Structure formats: structure tokens, C-alpha cells
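[1] turn this into a structure:
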Amino acid sequence: MKAFPPHQPYFHATHTRLISKVDDEMASTFTPAELAAMHESDSRVTEIHWVYSVPIAASIISTGLRLYAKRRGGNGIHLDDYLIVIATVCATANIDRNTG
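    Model (predicted):
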């Protein structure tokens, strides 16, 4: 690779003029109000709520069914079941805190 002398910059004035010309040509022809109107319905909030709501519901239902089966089956509820309940509560609280 060719080394440049310390007093000579890498980009000369002609390069910067060409770059600014390209930037000017690529500039948007829309006003900020028009851009806002075009992207008004681009919100993905509904999809994000579904993505978080389904796993929360599934974890709560599966934990409840596990506790029901343990209690009904005669094995009783032990330490691992309590830890699963704590983990479900923490996961649900963490997701709720992150999504507002």
C-alpha cells in the first residue's frame, strides 16, 4: 500500500467536491411533512405486543398446568416447582418492564 506524505491529505479538494455532488443528487425530493405522511402506518407496535404476549401466556399456562398435574397426581409440590413459579414470575416481570 502506498504511503502518503504527512503534509498531503488523502482526500483532495476535487474528491470532496465530487462526494458533495453525489450527496446532493441523492438527496430526498420529499418534504419532511410528506415523509411523515408516507410512513405514518409503519408502526410495528401491534406485532411486537403479539410476539411478547403469546410466550407470556404460554409460560403462565404451562406453569399452572404443571402445578395442577403435580397436585392432582399425588406427587405434591416440591422445591423445583416453587423455583419454576419464581422463574415464571421473573420472566413475566422482565418482559413487562422491557415493553413498557
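
[2] can you list contacts of whichever helix or strand residue 89 is part of?
    Taking DSSP states H and E as the criterion, the element that holds residue 89 is helix 79-99. Contact with helix 79-99 is made by 48, 49, 52, 55, 56, 59, 60, 63, 66, 67, 70, as judged by C-beta atoms under 8 Å, 6 or more residues apart in numbering. The C-beta positions use only the backbone N, C-alpha and C, and glycine is treated the same way.

[3] and the fourth one, how close does it get to residue 89?
    Meaning residue 55. 14 Å (C-beta to C-beta, to the nearest Å).

[4] mean pLDDT per helix and strand in the chain: which one sits at the bottom?
    Sorting the helices and strands of the chain by mean pLDDT, DSSP states H and E puts helix 13-25 at the bottom, at a mean of 52.

[5] after that helix, which helix or strand is next?
    Towards the C-terminus, the helix or strand next in line after helix 13-25, according to DSSP H and E, is helix 32-38.
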